[in-house]
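just to be clear, the model below is a prediction. Sequence and coordinates:
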Amino acid sequence: MLQGVIKLPSQQWSWSKHQIFHVPIFSQLMTWESIVNHPNLKLVKFYELMVHFLGRFCDLYTPEQTLWMKGRLGWKMYIAKKRARFGLKFFILCESESGYICDFLLYTGQGTV
């Protein structure tokens, strides 16, 4: 999310040691190798956030929530009939009676498994 605030020409420049582009928070939070070697490169920015939310869903349940997104993503969904037309699409596995969220998957395009 911080990469949306600090705009650099390339994602790799966030980990640069050059004095003009050096932003120490990125190298403190994660290494560049952890991004390059991630199994799903489209989810690399959201993976830690998804793991956090999945852990929280085991403790807390919110019946319905729209994840509105106006940022720059190649796999952002456009749904004309909804009030929040741009957003992220999730496939959610819920328990039928209570609606308890067991697992979820963020849709990243045609190659989503």
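Noted; the coordinates are in hand.

how about low-confidence regions in the chain?
1-46, 57-80, 82-86, 96, 99, 108-113 (pLDDT under 70).

domains in this protein, by residue range?
According to automatic domain parsing, the chain is divided into the following domains: 1-37, 39-113.

which helix is the longest one in this structure?
In terms of residue count, the longest helix belonging to the chain (DSSP state H) is helix 47-57.

using PDB, list the CA coordinates for that helix.
Output of helix 47-57 as PDB, limited to C-alpha atoms (Å, rounded to 0.1, in the frame of the first residue of the first chain):
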ATOM      1  CA  TYR A  47      -0.400 -11.700   0.400                       C
ATOM      2  CA  GLU A  48       0.600 -10.700   4.000                       C
ATOM      3  CA  LEU A  49      -2.600  -8.700   4.200                       C
ATOM      4  CA  MET A  50      -4.700 -11.700   3.100                       C
ATOM      5  CA  VAL A  51      -3.000 -14.000   5.600                       C
ATOM      6  CA  HIS A  52      -3.700 -11.400   8.400                       C
ATOM      7  CA  PHE A  53      -7.400 -11.100   7.400                       C
ATOM      8  CA  LEU A  54      -7.800 -14.900   7.100                       C
ATOM      9  CA  GLY A  55      -6.500 -15.200  10.700                       C
ATOM     10  CA  ARG A  56      -8.900 -12.500  11.800                       C
ATOM     11  CA  PHE A  57     -11.900 -14.200  10.100                       C
END
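
who are the packing partners of that helix?
Secondary-structure packing of helix 47-57 (3 or more Cβ pairs under 8 Å, 6 or more residues apart in numbering; DSSP states H and E): strand 101-106. Where C-beta positions appear, they are placed from N, C-alpha and C, glycine not excepted.
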